[in-house]
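**Q** coords please:
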Amino acid sequence: MIQRPDPPLILATASAARRAVLAAAGLAFTAEAAAVDEAAIKESARAEGLPAGEAAMLLADAKAQRIARRHREALVIGADQMLVCDGAWFDKPPDLAAARRQLLTLRGRPHELMTALVCWRNGARIWQHLARPRLVMREFSEPFLDAYLALEGEAVLGSVGAYRLEGPGVQLFDRVEGEHSAILGLPLLPLLGFLRQHGVLAT
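**A** Numbers count the residues shown, from 1 in each chain. Down below sits the predicted model:
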C-alpha cells in the first residue's frame, strides 16, 4: 500500500493544475476551495514590507487553515504562488488585454515564481516549504503573442504569469530552472518527502 487511508488528504485549492499534479502522483485526496481574501492579505504584506515569498506563504497558510478548521482529522495542503519580476509583484490578469500587457512586460526578462506550500493537521501548522523556480521569457514577436493569446484564450487568466507551461505557454520561454510541478503551483517532491516522513506514504 503506497498511501495510508488515515489521515485523509485535502488539497485546499480550486486550481485544476494543482489537482492534476497531485492526482498524477497517484495520491488519493479531495479538493476543497478555501474562501480567503487574497487581496487583503497581499495588501497587508505589502504594507508591512514583506517579500513576495512571505506573502505567498501567508496566502497558502490562510487557505490551509480555513479548510483545517472544518476537517481537524485531515491533513490539509494549502498552496499559493506569487510572480516577481525586478521586485514587482504580478497577479492573475483580469482580462486578455491585461494578459497581453503583462506578457509584454515579462518578455525577454527573468522572473521568479514564489511557490509556497503549507500543511495543517489537528489545528496546527505542521510543515511549510517555499520553492523559487526561475524562468526566462524569450524575445517573442507581437504577432506571435497575439496568436498565442488567440489560441489559449481565457485559460491564461488562471495563471499569475498569464501562461500555462504545461500547454502552448512553454513556447514563450528560453530557459526554465526549477521543479516543473513547482512552476505549476505545487512543489511535489518536497511534499512527497514530507508525507513519507509523516507516515502518510510508504517509504
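**Q** Show me what the longest helix along the chain is packed against.
**A** Within the chain, and with DSSP state H defining each element, the longest helix by residue count is helix 52-70. Helices and strands touching helix 52-70, by 3 or more C-beta pairs under 8 Å, 6 or more residues apart in numbering; DSSP states H and E, are strand 9-12, helix 38-47, strand 75-85, strand 110-121, strand 124-131. Using the backbone N, CA and C atoms, a C-beta is placed for each residue, glycine as well.
**Q** Out of these, flag the one nearest L191.
**A** Across the helices and strands packed on helix 52-70, L191 has its closest neighbour in strand 110-121 (6.0 Å, C-beta to C-beta).
**Q** Worst mean pLDDT among the helices and strands packed on helix 52-70?
**A** Of all these, mean pLDDT reaches its minimum on helix 38-47 (a mean of 93).
**Q** Identify the bridge partners of W89.
**A** On the basis of DSSP bridges, W89 is bridged to V84.
**Q** can you count the residues close to it?
**A** 17 (other C-beta atoms under 10 Å).
**Q** who touches it in this structure?
**A** Taking C-beta atoms under 8 Å, 6 or more residues apart in numbering, we find W89 in contact with 42, 46, 52, 55, 82-83.
**Q** tell me the two of those residues that are most distant?
**A** R46 and L83 (14.6 Å).
**Q** sorry, back to before: and the buried ones among the contacts of W89, selectable in PyMOL?
**A** The buried residues among these can be selected in PyMOL (16 or more other C-beta atoms under 10 Å) with this line:
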select buried, resi 42+52+55+82+83
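**Q** Output the contacts of W89 in CSV, with distance to R132 appended to each entry.
**A** Below are those laid out as CSV (distance: C-beta to C-beta, whole Å):
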residue, distance to R132
K42, 18
R46, 19
A52, 10
A55, 13
M82, 10
L83, 11
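**Q** so which strand or helix has P94?
**A** Using DSSP states H and E, P94 sits in no helix or strand.
**Q** and it, how far is that from A14?
**A** Note on P94: its distance to A14, by C-beta to C-beta, to the nearest Å, is 17 Å.
**Q** between the two, who's got more neighbours?
**A** A14 (14 against 9).
**Q** So which of the helices and strands packed on helix 52-70 is nearest G199?
**A** strand 75-85 (10.3 Å).
**Q** confidence score at L172?
**A** 98.
**Q** does it really touch L104, like I thought?
**A** No: using C-beta atoms under 8 Å, L172 makes no contact with L104, being 11.2 Å away.
**Q** How many neighbouring residues does the closest residue to W127 other than its chain neighbours have?
**A** What sits nearest to W127 in space, not counting adjacent residues and going by C-beta to C-beta, 6 or more residues apart in numbering, is C119, at 4.4 Å. By other C-beta under 10 Å, the residues close to C119 number 26.
**Q** Residue numbering should commence at 76 henceforth.
**A** Sure, I'll start numbering at 76, so the last one becomes C194.
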